[in-house]
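J.: could you work out the structure for the sequence below:
(4 chains)
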There are 2 protein chains.
Amino acid sequence: MTTQHSDRTAPHEDKPRWLDADQQQLWRAYLEGTVRFVEAVSREHEERSAVSLNEYELLVRLSESPGRTLRMSALAEGLARSRSRVTHTVARMEARGLVRRSATDGDRRGVDCVMTEEGHRTLVEAAPAHVAAVRRFMVDVLTPEQFQALGEAMASVARACREDHEI
Amino acid sequence: MTTQHSDRTAPHEDKPRWLDADQQQLWRAYLEGTVRFVEAVSREHEERSAVSLNEYELLVRLSESPGRTLRMSALAEGLARSRSRVTHTVARMEARGLVRRSATDGDRRGVDCVMTEEGHRTLVEAAPAHVAAVRRFMVDVLTPEQFQALGEAMASVARACREDHEI
DNA sequence: CGTGCGTGGTTGAATGTTCAACCAGTTGTC
DNA sequence: GACAACTGGTTGAACATTCAACCACGCACG
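T.: Purely as a prediction, here's the structure:
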């Protein structure tokens, strides 16, 4: 693992010094942690479930919405994904019978995405493995205080990103 | 099978209650924060730089290695990406003159990836915008204590994931 | 030696994502 | 009420990633 990081010799000269050494280390830990975490959770989905992590998250959103229904744009916004990506994903899931599309009433531009019974069943089947993975790789390895600090910090980050994007 | 479950009552009924309400909220914040953050930083790269966030991270690894060189497998492991993915990415970057491949000496199976002068120049040009984005969307919106807690928590998560993967 | 197995890396096809162009419907404005 | 600008969504081609099959080399053991 190449976390060799040093001021002593040439190798590091290239990187502008933009955080002090301690901060660098924290930043690296953040990077590695997030990527390994989604990797680990995704792996669980591939191995044990009929839907990918992405699809699972989409189903979760639908399951939480009244009528198990959400507009395409609301889905995209809620998942922080491009509209195009959601269109394609939903198309594939529709072909598998997990969701179904229907016109939004009131606004004829809109399209509602509705979770089917089959989609619901799939979600329920996938949930335990998902939950177990999140526990195993995150919740259970942190103290409650750490988990809370993590959530609060990321809430601030999310807000900053959201604000910037909207402007 | 049109066994309508009670759609209109508790919208949340579907999701097994696997974390208490507060924890749910923290978990959601984590999810949203991480995805919006990479989205925001990526956007900066698309807009202001010649390399994507992925390619940038690869160049950073090389810049930190002696001789600006790393074996393909070391790159893959360090970046937590599949070997295949690194092969393809490096192929594209090689075509653009950012890196170059050469045989590892001592082990004729191995391939070294070397950052070129051009690649180095590109990295140096891209760095300020990258740094600014990370500061703007994360470091500057957190207190030092928050940032530290975040880094430490993710270090634990990373360790848990790594251990699981190796076994 | 030779055979078998593990490692390092590539390949190409299938799959998923992005990007830009587009269509249809809505809203505002004069 | 007509026209421009905006919103919601789709399309298809370009691009990126994954997956499984594969090749070449190294290592161990008979």
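J.: ok, A:Thr69 touching A:Val111?
T.: No - look at A:Thr69 against A:Val111 with Cβ atoms under 8 Å: they stay out of range, at 10.6 Å. Placement of C-beta: from N, CA and C, glycine included.
J.: residues from chain A in reach of DNA strand D?
T.: Residues of chain A lying close to DNA strand D (Cβ under 7 Å from any atom of the strand) are A:46, A:71-74, A:76, A:83-84, A:86-88, A:90-91, A:101, A:104, A:107, A:109-112.
J.: 6 Å instead, please
T.: Contact residues, chain A versus DNA strand D (Cβ under 6 Å from any atom of the strand): A:Glu46, A:Arg71, A:Met72, A:Ser73, A:Arg83, A:Ser84, A:Thr87, A:Arg101, A:Thr104, A:Arg109, A:Gly110, A:Val111.
J.: so which of those residues belong to strands?
T.: Taking DSSP state E as the definition of strands, these contribute A:Arg71, A:Arg101, A:Val111.
J.: which of these sits closest to A:Thr143?
T.: Among these, A:Arg71 lies closest to A:Thr143 (Cβ to Cβ), at 39.4 Å.
J.: what residue ranges in chain A score low on pLDDT?
T.: Counting by pLDDT under 70, chain A contains low-confidence ranges at A:1-17, A:166-167.
J.: the residues of chain A next to DNA strand D: which two are farthest apart?
T.: A:Glu46 and A:Arg109 (36.0 Å).
J.: distance of the residue nearest to A:Leu31 when sequence neighbours are not counted from B:Ser42?
T.: The spatially closest residue to A:Leu31, leaving aside those adjacent along the chain, is B:Glu57, at 7.8 Å (Cβ to Cβ, 6 or more residues apart in numbering or on different chains). B:Glu57 is 11 Å from B:Ser42, where distance means Cβ to Cβ, to the nearest Å.
J.: all helices for chain A, in order.
T.: Ranges of helices in chain A, per DSSP state H, are A:21-48, A:53-63, A:72-79, A:83-95, A:117-137, A:144-166.
J.: and the second one, is it in reach of DNA strand C?
T.: Spelled out, it's helix A:53-63. Yes - counting by Cβ under 6 Å from any atom of the strand, DNA strand C is contacted by helix A:53-63 at A:Asn54.
J.: between helix A:83-95 and that helix, find me the angle.
T.: Inter-element angle recorded for helix A:53-63 and helix A:83-95: 80 degrees (by axes from the mean of the first three to the mean of the last three Cα atoms, to 10 degrees).
J.: how about helix A:53-63 as CSV, C-alpha atoms only?
T.: Extracted C-alpha coordinates of helix A:53-63, given in CSV (Å, rounded to 0.1, in the frame of the first residue of the first chain):
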residue,chain,number,x,y,z
LEU,A,53,-26.7,-1.2,-5.2
ASN,A,54,-27.9,1.5,-7.5
GLU,A,55,-31.1,-0.2,-8.3
TYR,A,56,-31.6,-1.0,-4.7
GLU,A,57,-31.4,2.6,-3.7
LEU,A,58,-33.9,3.5,-6.4
LEU,A,59,-36.3,0.9,-5.0
VAL,A,60,-35.8,2.2,-1.5
ARG,A,61,-36.8,5.7,-2.6
LEU,A,62,-39.9,4.4,-4.3
SER,A,63,-40.8,2.3,-1.2
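J.: run through who's touching stretch A:44-55.
T.: Stretch A:44-55 is contacted by residues A:38, A:41-42, A:56, A:59, A:89, A:93, A:98, A:122-123, A:125-126, A:129-130, A:132-133 when judged by Cβ atoms under 8 Å, 6 or more residues apart in numbering or on different chains.
J.: could you pick out the buried ones from those residues?
T.: The neighbour-count criterion (16 or more other Cβ atoms under 10 Å in any protein chain shown) marks A:38, A:41, A:56, A:59, A:89, A:93, A:98, A:122-123, A:126, A:129-130, A:133 among the contacts of stretch A:44-55 as buried.
J.: which one of the residues you listed sits closest to B:Ala155?
T.: So of those, ranked by how close each gets to B:Ala155 (Cβ to Cβ), first place is A:Val38, at 16.2 Å.
J.: nearest residue to that closest one other than its sequence neighbours?
T.: In space, and not counting its chain neighbours, A:Val38 is closest to A:Leu53: 7.1 Å by Cβ to Cβ, 6+ apart.
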